[in-house]
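Student: Sequence and predicted structure are below.
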Amino acid sequence: MSNLNPITKILCILAVNIVITFGVNVMMELVMLASVSALFWANGKWKKSIRYILIFLFLLFGDKCILPLISAAWLSTLSCLVFIAFRKFFFCIMAADFFISTTEINVMIASMEKLKIPEAIIIPLAVLVRFFPTVKEEWNHIRAAMRMRNIGTGVGQILLHPIETMEYIIVPLLFSTVKIGEELAAAALARGLGMKKRRTNLCRVSFKAADCFVMICSVTVVILSKLYGGY
Amino acid sequence: MNSSKKLSTKDLINTGIFTAIYFAVMFVFTAVTSFAPITYILLPAFIAILCAPIYMLFITKVKTFGMITIMGVLIGILMVFTTGNSWIMFVFCSLLGFVSDLITKTGGYTSRKMSMIGYCVFAIWPIGSFFPIWIMRDAYFASVVASMGEVYAQELKAMTPYWIIPVMIVYTVIAAVIGSLISGKMNKKHFEKAGIA
């Protein structure tokens, strides 16, 4: 069960999305919390699921117990946003986190190729995911260089001199990343990324019983929420 | 400019790289500033200014139709799968990318004015994440009624009017114009001199 097909996971995210747009009551929210947590458990992500359950319980507690006690208008508007509006998006974030924390990029590419998604989407997406750590690294270098010259990068500096700070950060970031990007492009072309022939992939993506099970479950949740989830 | 040729692999890689920088800068900034509702509402405008230099440098690399569209599609995919926006966001981003691509194309991807107008359209995308609040308005207010009562819900409804989205679009577009003016200066000052623009 540890390696669900990425397509199944994407369907899970879609299912959560659909359920949310229907509008859900507390019962249905608990069902969804249980099902997404079960997915986390099946992949051994105990800590993450417990953290999400705690956040959810806090939000529910705030909605039912703290909100009725607040009388100031502006404060209750704010807490309504936090406790109720955020709770609606909570499941989308949880499902997206499940997808990201359990999917390797090469598995994702393999399954996208199987789905016949055009190269024009797959190549930039692969580059992009590969490039995030590089951006982070460069960003740390720039901050270190700025600190050495006594240029702050804190919130205060950003508020005081927004345009200068932006220039100091973004210009070197663009310089270095554009250069790295050119090298990356050369390396990728040397490995045959631009070839007309179909590339092979080591990953085997298949559709197993677990995928069927999860898909049936998510469809059931969607139908249940349509029937009983509303107000 | 040979703007009718097909997308090369290098174009695709460039698109991926610039989208990564764009998204990373946007994401860090959002995480740092969205602590209060007022900054959250103003966020699209901040992003429009902050990410303008990245977008404008990207435009100097664009010579083929499709790259800006793909950037929009990728941002849409990322917004749905990493930050848990609804599918509406994906459609909205892709559409804006496509329209902005068309606009920039009429300037042959070299006209500064057309790139600027294109950016104004493109920069609207963060507003897409506010749409569900308005689309799921009934569901949201149903749960407000459930825990706070009818009267309170009516008051809250009056405080979050429908017209806020057009207002957001207006100030985001203004911010995008400011952002592209700043980035035009930055391009002259740094990138053209170094030969990477």
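Tutor: Everything's here; your move.

Student: before we move on, what SS does B:Leu7 have?
Tutor: With DSSP: H, G, I helix; E, B strand; the rest coil as the basis, B:Leu7 sits in coil.

Student: Please tell me how far it sits from chain A.
Tutor: 6 Å (Cβ to the nearest Cβ, to the nearest Å). Every residue, glycine included, has its C-beta placed from N, CA and C.

Student: residues contacting that residue?
Tutor: A:120, B:64, B:66-67 (Cβ atoms under 8 Å, 6 or more residues apart in numbering or on different chains).

Student: what's the first-to-last distance across stretch A:66-76?
Tutor: End-to-end distance for stretch A:66-76: 10 Å, by Cα to Cα, to the nearest Å.

Student: ok, and for that stretch, which residues are buried?
Tutor: A:67, A:70, A:76 (16 or more other Cβ atoms under 10 Å in any protein chain shown).

Student: quick one: which of these is nearest chain B?
Tutor: Nearest to chain B, judged by Cβ to the nearest Cβ, of the buried residues of stretch A:66-76 is A:Leu67 at 5.6 Å.

Student: Would you check that that closest one makes contact with A:Leu78?
Tutor: No - between A:Leu67 and A:Leu78 there is no contact under Cβ atoms under 8 Å: 10.8 Å.

Student: Read off the pLDDT value for the residue nearest the centre of chain A.
Tutor: By Cα atoms, centre = their mean, chain A has its centre lying nearest to A:Ala96, at 4.1 Å. pLDDT for A:Ala96: 83.

Student: these two touch, right, it and A:Ile13?
Tutor: Yes - assessed by Cβ under 8 Å, A:Ala96 is found in contact with A:Ile13 at 6.2 Å.

Student: Need the residues touching each of those two.
Tutor: B:80-81.

Student: Can you give me the neighbour number for the residue nearest to A:Lys114 when sequence neighbours are not counted?
Tutor: Leaving aside its sequence neighbours, A:Lys114 sits nearest to A:Val205 (Cβ to Cβ, 6 or more residues apart in numbering or on different chains; 5.8 Å). A:Val205: 18 surrounding residues under other Cβ atoms under 10 Å in any protein chain shown.

Student: who's in contact with A:Val205?
Tutor: Counting by Cβ under 8 Å, 6+ apart, A:Val205 has contacts A:5-6, A:107, A:110-111, A:114.

Student: Pull the number of nearby residues for B:Ile13.
Tutor: Counted with other Cβ under 10 Å, residues neighbouring B:Ile13 total 26.

Student: Skipping its backbone neighbours, what lies nearest B:Asn14 in space?
Tutor: Of all residues not flanking B:Asn14 in the chain, B:Lys61 sits nearest, at 5.1 Å (Cβ to Cβ, 6+ apart).

Student: tell me the contacts of that neighbour?
Tutor: B:11, B:14, B:18, B:67.

Student: Of all pairs in those residues, which one spans the longest distance?
Tutor: B:Asp11 and B:Phe18 (10.8 Å; Cβ to Cβ).

Student: which of these two has more neighbours?
Tutor: Shown here are B:Asp11 and B:Phe18; by other Cβ under 10 Å, B:Phe18 has more neighbours (28 against 22).

Student: which element is that one on?
Tutor: Using DSSP states H and E, B:Phe18 falls within helix B:9-33.

Student: Let me see the domain layout of chain A.
Tutor: Chain A is divided into the following domains under automatic domain parsing: A:6-103+A:206-228, A:116-190.

Student: Could you export the ones you listed to TSV, including columns for distance to B:Met56?
Tutor: Formatted as TSV, these follow (distance: least, Cβ to Cβ, whole Å):
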stretch	distance to B:Met56
domain A:6-103+A:206-228	30
domain A:116-190	10
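
Student: Could you export the ones you listed as TSV, including distance to chain B?
Tutor: TSV is the format used below for the domains of chain A (distance: least, Cβ to the nearest Cβ, whole Å):
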stretch	distance to chain B
domain A:6-103+A:206-228	3
domain A:116-190	3
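
Student: how about residue 170, secondary structure?
Tutor: With no chain named, the answer covers chain A. helix.

Student: confidence score at it?
Tutor: At A:Ile170, pLDDT is 86.
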